[in-house]
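# Sharing a model that was predicted from the sequence below.
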Amino acid sequence: MAYFLFIDESGQDRRASPYEVLAGVAIEDRDLWNLIQAIQEAELRIFGVRYSHGVRELKGKKLLKKKAYKHAAMLAPFSPEERAALAKQCLENGDRAGQRQMAALAQAKIAYVNDVFDICARFRCRFFASIVTDPTPMSHAENILRKDYSYLFERFYYFMEDTCPSAQGIVVFDELEKSTSHILVNQMDNYFKKTANGRQRSGLIVPEPFFVHSDLTTGVQIADLVAYIISWGFRTGDMTEPAREELSELVNTIRQQRHRSVREVSGNANFVIWSFAVIKDLRARDLAGL
């Protein structure tokens, strides 16, 4: 038995996005193929055609950008059948599409994302995130794992302990530039071999990750949606950037799919640790402190 943790990020360019987010979705191995099929069927049913065929990607910045909500509101909601037919026409006709087709496609994008999260709930998926609130540039050694990764692995480890301590956790990343991937693999190797927390967590998490193409991997696409919604809509008291109100329903949905752990911390035996961690900055203290 195993759980896959598919990981993606949002806002790493530190330009347009309010927050830098590293997000993950945990899916049990026995559920993975059924979940993938359900999401592909939803894509076909909602868009009338596979939206992701060709050059289009099912990413948060494409499906949930402000323009999508603006276009969706141009006309009253269509029935699912009419929406799918018009969305298909829009995808096939491109620049020649009219207002009805554009509105239907935008409505279909939002409906698809809602369906994805409904499917995730049906298959008991859990979401994880490290949210960085301070854009201070990182200034630590290349061999040290960034805080957002170590916090994400910590929350995933707690989930594994609580859910099935006899299972293994398998980490799957969106493919990075090759030299960047080598650095991350080396950082993870150091973390899981040379730190006390890492050595403990390697009992439940396989230290060597897999890298995949995001546009070909459904799990990474889900993680991308989670990261985007958190960056633009999820807020806690430490997150002061304005949130996009139109994302509030999706934010409530992903809140419900967090994991809640209880651990003893500083003498408090019932300290609650959620799978979303807010991190003030990414600067690590040292290798031993991770």
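In hand now; what should we look at? Numbering: from 1, shown residues only.

# what mean pLDDT does stretch 240-248 have?
Averaged over stretch 240-248, pLDDT sits at 96.

# again with stretch 79-92
97.

# mind starting the numbering at 192 from now?
Noted, 192 is the first residue going forward, which turns the last one into stretch 270-283.

# Only alpha carbons, please: show it as PDB.
Provided in PDB are the C-alpha atoms of stretch 270-283 (Å, rounded to 0.1, in the frame of the first residue of the first chain):
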ATOM      1  CA  SER A 270     -27.700  24.000 -18.800                       C
ATOM      2  CA  PRO A 271     -24.900  21.500 -18.700                       C
ATOM      3  CA  GLU A 272     -25.700  20.100 -22.100                       C
ATOM      4  CA  GLU A 273     -25.900  23.500 -23.800                       C
ATOM      5  CA  ARG A 274     -22.800  24.600 -22.000                       C
ATOM      6  CA  ALA A 275     -20.800  21.600 -23.200                       C
ATOM      7  CA  ALA A 276     -21.900  22.100 -26.800                       C
ATOM      8  CA  LEU A 277     -21.100  25.800 -26.800                       C
ATOM      9  CA  ALA A 278     -17.800  25.300 -25.000                       C
ATOM     10  CA  LYS A 279     -16.800  22.700 -27.600                       C
ATOM     11  CA  GLN A 280     -17.600  25.200 -30.400                       C
ATOM     12  CA  CYS A 281     -15.500  27.800 -28.700                       C
ATOM     13  CA  LEU A 282     -12.500  25.500 -28.400                       C
ATOM     14  CA  GLU A 283     -12.800  24.400 -32.000                       C
END
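
# Just the buried residues of that stretch, please?
For stretch 270-283, the buried set under the neighbour-count rule, 16 or more other Cβ atoms under 10 Å, comprises 274-275, 277-282. For glycine as for every other residue, the C-beta is placed from the backbone atoms N, C-alpha and C.

# Could I get the full set of strands for the stretch 292-441 of the chain?
Applying DSSP state E, counting those that start in this stretch to the stretch 292-441 of the chain gives strands spanning 317-323, 359-365, 401-403.

# can you put the ones you listed in CSV and add mean neighbour count?
Output for these, formatted as CSV (neighbours: other Cβ atoms under 10 Å):
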stretch, mean neighbour count
strand 317-323, 27
strand 359-365, 20
strand 401-403, 15
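
# In JSON lines, list the buried residues of stretch 270-283 along with secondary structure.
Conversion of those to JSON lines gives the following (DSSP: H, G, I helix; E, B strand; the rest coil):
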{"residue": "274", "secondary structure": "helix"}
{"residue": "275", "secondary structure": "helix"}
{"residue": "277", "secondary structure": "helix"}
{"residue": "278", "secondary structure": "helix"}
{"residue": "279", "secondary structure": "helix"}
{"residue": "280", "secondary structure": "helix"}
{"residue": "281", "secondary structure": "helix"}
{"residue": "282", "secondary structure": "helix"}
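
# In TSV, list those along with distance to residue 249.
Shown next, in TSV, are the buried residues of stretch 270-283 (distance: Cβ to Cβ, whole Å):
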residue	distance to residue 249
274	17
275	16
277	19
278	14
279	16
280	19
281	16
282	13
